[in-house]
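Sequence plus predicted model, see below.
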Protein chains: 2
Amino acid sequence: MDASLLTIQPNAPDPIYRQIVEQLRRLIASGQLTSGELLPSVREVAGFHAINPMTVSRAYGMAEAEGLLERLRGKGMAVAATRRTVQSESQRMALLESQLQELARHANELELPAEPVLRRLAKLLGD
Amino acid sequence: MDASLLTIQPNAPDPIYRQIVEQLRRLIASGQLTSGELLPSVREVAGFHAINPMTVSRAYGMAEAEGLLERLRGKGMAVAATRRTVQSESQRMALLESQLQELARHANELELPAEPVLRRLAKLLGD
DNA sequence: CCAAGTGTATTGTTGTATTGATACACATGG
DNA sequence: CCATGTGTATCAATACAACAATACACTTGG
């Protein structure tokens, strides 16, 4: 994996370390990061995105605590061996559930009918 | 409007005052709060949700700065007179756009096909 | 007039989150 | 062996959010 594959928005509402953890969670669930694959070093990621190495380290540490990554002493962090298989579609859907619920709540507060919302999302998903 | 209509999650990632402002924005855009309608007092909202009155005041102040509310001295806050008409569907859709984009990005990272995502959202919107 | 209701400015405190700078322990690989 | 690469513990610096307790200016309604 290359450091450039991580999307980081320094001015986003949620902190950088969480952006990283959540992206790792999804990339691993989908199999874009495969078991045993070595991640870019904290300094590499930090240098590329002009952020502090400790911020990356914190993200890696949380991902390890979550069981996503494991540390290879002296080599770096790798996708955990327990993540052998791509998660099922329903398992991956579960990772979107809360976001979908929040979206539905907002659409409801806006009194928007389902159709235009679904149409817009379909367009965004279809590229 | 009744204080119980506001949804407040004290443990949510974004601060209480912003939750309030954003909800007001949507409720006004959809016409669920109509021009001139009086809002519950800061003490009323604060008491109902067990939060600090100043937190509510801060939210009201920001909503006023945004042109959503106007203050009626001695009476409280009311939906601004300039908000005479319900916003068009496309204007309300615009308030969902960034959230839709983020959702699409996450679905992509999860390598989820469009169909199950749209189906789940349709279910959530249809109640 | 005046008690009771508005919102708000003020000051201070508390707790937490986020990022950063530095130094360290450790394993690797020539 | 040891330079070089890992990750990270530690401490510090901010910034932010919420709360608390007042006090104040204002309007309403009796």
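Received the coordinates, thanks.

and the residue lying farthest from the centre of chain A, how far is that from DNA strand D?
Note on chain A: the largest separation between a C-alpha and the mean C-alpha position, by C-alpha atoms, centre = their mean, falls on A:E111 (30.7 Å). According to C-beta to the nearest atom of the strand, to the nearest Å, A:E111 and DNA strand D sit 26 Å apart. Every residue, glycine included, has its C-beta placed from N, CA and C.

how far away is that residue from chain B?
Here the distance between A:E111 and chain B works out to 4 Å (C-beta to the nearest C-beta, to the nearest Å).

and the most centrally placed residue in chain A, helix, strand or coil?
Nearest to the mean C-alpha position of chain A, by C-alpha atoms, centre = their mean, lies A:Q23 at 1.1 Å. Three states are possible here, and by DSSP: H, G, I helix; E, B strand; the rest coil the one that applies to A:Q23 is helix.

so who does the residue lying closest to A:N52 once chain neighbours are set aside touch?
Nearest residue to A:N52 in three dimensions, chain neighbours excluded: A:A46, at 6.1 Å (C-beta to C-beta, 6 or more residues apart in numbering or on different chains). Listed by C-beta atoms under 8 Å, 6 or more residues apart in numbering or on different chains, the contact set of A:A46 reads A:52-53, A:55-56.

JSON lines for those, including distance to DNA strand C?
Putting those into JSON lines (distance: C-beta to the nearest atom of the strand, whole Å) gives the following:
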{"residue": "A:N52", "distance to DNA strand C": "3"}
{"residue": "A:P53", "distance to DNA strand C": "6"}
{"residue": "A:T55", "distance to DNA strand C": "5"}
{"residue": "A:V56", "distance to DNA strand C": "9"}
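
For chain A, which residues are neighbours of DNA strand C?
Proximity of chain A to DNA strand C, by C-beta under 7 Å from any atom of the strand, involves residues A:10, A:14-18, A:51-55, A:58, A:73-75.

Farthest pair within those?
Using C-beta to C-beta, the residues of chain A next to DNA strand C span at most 32.0 Å, a distance reached by A:D14 and A:G74.
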